[in-house]
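[1] Model the structure of this input:
(one chain, ligands or ions: 1)
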Amino acid sequence: MQELGEPKFRARQVFEWVYKGVSTFDEMANLPKALRTKLSETVEIALPEVLDMQVSKTDGTRKFLFGMRSNNKNVDVKDDNSGGEAIESVFMKYKYGNSICISSQAGCRMGCKFCASTMNGLTRNLTAGEMIGQILKVEQSIRNDGRIGHIVVMGTGEPFDNYDNLAKFLSIAHDPAGLNISMRNITVSTCGVIPGIERFAEDFPQTNLAISLHATTDEMRSSMMPINNRYPLDELINAAKKYTDKTGRRITFEYTMVNGVNDSDDDAIRLSKLLKGMLCHVNIIPLNKVNGTGFDTVSRKRATEFAKLLDGYHIPATVRRELGSDIDAACGQLRLKHR
Ligand code: SAH
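    Numbering: from 1, shown residues only. Okay, here's the model as predicted:
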C-alpha cells in the first residue's frame, strides 16, 4: 500500500475483505473508488487452480494437485514454463477434526533418498499467499465437511529452507481476521535444518515442531538424508533439547521405517537411548514405497512391534494411521505422475 502512496491501514482493510471471502476489489466497500480501480489494475486476488483431485473411498482423504501461477501474473499457468508449478495438498479427517497437509515449496533440494518430492530438485519457494491459497481452495471444495482446524506443513518442500514465507504464512493463518487457527493446531516438519529450529523456537514458541529423524547413527542417517552431513545427529538432538527447554513443547520425531535399513531391534534400542529423557513422541511411518528409490517398506506388524519396543524403553511411540492408501496420497507421488 505504501508503494501505492496509500496509508498502511488500507492494507489491513484489504486483508480483512480477502479473508471474508471477497474476490474482487469492487466489493471492498470501505475503500475509496479510485483505490479500488487502481488495485484492480495492478493486483490480482487468485486461488490456485485444481489440476487433479483424488478422493479415497475408504476414509474421505482427498488429495489435490494445484497449479500455481508463475511469479509473472500476466502469464497463464497452462502457457507458462517459467515457474507455474504443480504442488500437492492433502485433506484428512480425524476424530479431532479436519486437517490439511500443505506444501511449502515446489520441489525440494534436501535430497532425501526415499522421498518422491525431491527427485527433480527445487523449482521455487512458495509465497505465504500460495500456502494460504491451498487451505482456502481446499475449504471451498469440502464445504459439507466443515472448516479446517489443523494444519501440518509436511507436504512437498523443506519449510525452513523457505523460512521468511513460512513465517508470514503462520502469522496470517493465526490472525483472527485471517484463518484464525490456533498456533497449537499447526505443526511444521523439518528434515533437521538447525538454524531454522532455532529461529522457530524464538518466533513461534506455541507452534508444534516435528523433526524427521529416520535413523539412529550418523552413517545411516547421512546415507538416507544428505542434510545430516551438514547437521549431524548429536547437534540435531542438542538443538531439539534446546527447543523443548525454551518452548516447553513436546517434539514429534518422525521415523520412516525402511525394510532392512532402520527397522531392527538394535535401531529401537539406539533410538530410545538417543531420545532418553526428552519431552518427545515418536511417530512411526511405514515407508510409502516410491519406485526407483530402491527402498522397501515394512509390514504394519513390524512397525507396531517397533513402537512397542520404544514404549518399553519409556519413549512414547505410535504408528501413523494409514490414510488414503487407495489413492496416491503418499508424499509427492501425484505430482510426479503429472510431470
Ligand atoms: N521437509 C520436511 C517436510 C516434508 S516431508 C521434512 O523432511 O520433515 C514430511 C515427512 O514425510 C518427513 O518425515 C519425510 O521424511 C517423510 N517422507 C518423505 N517421503 C516419504 C516416503 N516415501 N514414505 C514415508 N515417509 C516419507
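[2] what's near enough to touch Arg12?
    Each residue near Arg12 by CB atoms under 8 Å, 6 or more residues apart in numbering is listed here: Ala177. C-beta: built from backbone N, CA, C; applies to glycine.
[3] To which secondary structure element type does it belong?
    Per DSSP: H, G, I helix; E, B strand; the rest coil, the secondary structure class of Arg12 is helix.
[4] do Ile211 as well
    Going by three-state DSSP: Ile211 is strand.
[5] what about the closest residue in space to it that isn't next to it in sequence, distance to the ligand?
    Spatial nearest neighbour of Ile211, excluding adjacent residues (CB to CB, 6 or more residues apart in numbering): Phe253 at 5.5 Å. Using CB to the nearest ligand atom, to the nearest Å, Phe253 is found at 9 Å from the ligand.
[6] The host helix or strand of Phe253 pairs with which strands, parallel or anti?
    Taking DSSP states H and E as the criterion, Phe253 maps to strand 251-257. Under the criterion DSSP bridges, strand 251-257 sits next to strand 208-212 (parallel), strand 280-286 (parallel) in its sheet.
[7] mind giving me a markdown table with the ones you listed and columns for mean pLDDT, distance to the ligand and mean neighbour count?
    As requested, these are exported to a markdown table (pLDDT from 0 to 100; distance: least, CB to the nearest ligand atom, whole Å; neighbours: other CB atoms under 10 Å):
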| stretch | mean pLDDT | distance to the ligand | mean neighbour count |
| --- | --- | --- | --- |
| strand 208-212 | 98 | 3 | 22 |
| strand 280-286 | 96 | 5 | 20 |
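[8] Distance to Trp17 for these - can I get that in TSV?
    TSV is the format used below for those (distance: least, CB to CB, whole Å):
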stretch	distance to Trp17
strand 208-212	30
strand 280-286	39
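[9] interface residues of the stretch 151-300 of the chain facing the ligand?
    Contact residues (CB under 6 Å from any ligand atom) of the stretch 151-300 of the chain with the ligand: Met154, Glu158, Ser189, Thr190, Cys191, Ser212, Glu254, Thr256, Ile285, Leu287, Asn288, Val290.
[10] In the residues you listed, find the pair that's most separated.
    The span of these, defined through CB to CB, is set by Thr190 and Val290 at 20.2 Å.
[11] which of these two has more neighbours?
    Legend: neighbour count by other CB atoms under 10 Å for Thr190 and Val290, higher for Thr190 (23 against 20).
[12] From Leu166, how far out is the closest residue to that one other than its chain neighbours?
    Spatial nearest neighbour of Thr190, excluding adjacent residues (CB to CB, 6+ apart): Phe160 at 4.9 Å. From Phe160 over to Leu166 the distance is 7 Å, taken as CB to CB, to the nearest Å.
[13] what about those two, which has more around it?
    Leu166 (27 against 23).
[14] contacting residues around the residue nearest to Thr190?
    The contact partners of Phe160, by CB under 8 Å, 6+ apart, come to Leu166, Val188, Thr190, Val193, Pro195, Gly196, Ile197, Arg199, Phe200.
[15] Nearest residue to the first one in space, please, no chain neighbours.
    Same thing as Leu166. Pro159 (4.8 Å).
[16] surely that neighbour meets Ile102?
    No. Using CB atoms under 8 Å, Pro159 is not in contact with Ile102; the gap is 9.5 Å.
[17] hey, what's in contact with both of these two?
    Joint contacts of Pro159 and Ile102 (CB under 8 Å, 6+ apart) are Val153.
[18] residue nearest the centroid of the chain?
    Val153 (1.9 Å; CA atoms, centre = their mean).
[19] so what's that residue bridging to?
    Beta-bridge pairing for Val153 (DSSP bridges): Val188.
[20] Count the neighbours of Ala268 for me.
    Neighbours of Ala268 (other CB under 10 Å): 25.
[21] Tell me if it really is in a strand.
    No. Counting by three-state DSSP, Ala268 falls outside a strand, being helix.
[22] give the contact list for it.
    Residues near Ala268 by CB under 8 Å, 6+ apart: Phe306, Leu309, Leu310, Tyr313.
[23] per-residue confidence at it?
    Ala268 is assigned a pLDDT of 98 by the prediction.
[24] what's the distance between it and Asp234?
    For Ala268, the distance to Asp234 - CB to CB - is 19 Å.
[25] same check, this time on Leu31
    According to CB to CB, Leu31 stands 55 Å off from Asp234.
[26] who has more neighbours, these two?
    Between Leu31 and Asp234, Leu31 has the larger neighbour count (other CB under 10 Å), namely 19 against 10.
[27] pull the CA atoms of stretch 305-319 into CSV?
    Taking C-alpha atoms only, stretch 305-319 is exported to CSV below (Å, rounded to 0.1, in the frame of the first residue of the first chain):
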residue,chain,number,x,y,z
GLU,A,305,6.4,-54.1,17.3
PHE,A,306,9.0,-51.4,16.9
ALA,A,307,6.6,-48.9,18.6
LYS,A,308,6.1,-51.4,21.5
LEU,A,309,9.8,-51.8,21.9
LEU,A,310,10.2,-48.0,22.2
ASP,A,311,7.3,-47.8,24.6
GLY,A,312,9.1,-50.4,26.7
TYR,A,313,12.0,-48.1,27.0
HIS,A,314,9.7,-45.2,28.0
ILE,A,315,9.7,-43.5,24.7
PRO,A,316,6.0,-42.8,23.7
ALA,A,317,5.5,-44.0,20.1
THR,A,318,2.6,-44.5,17.8
VAL,A,319,2.3,-45.8,14.2
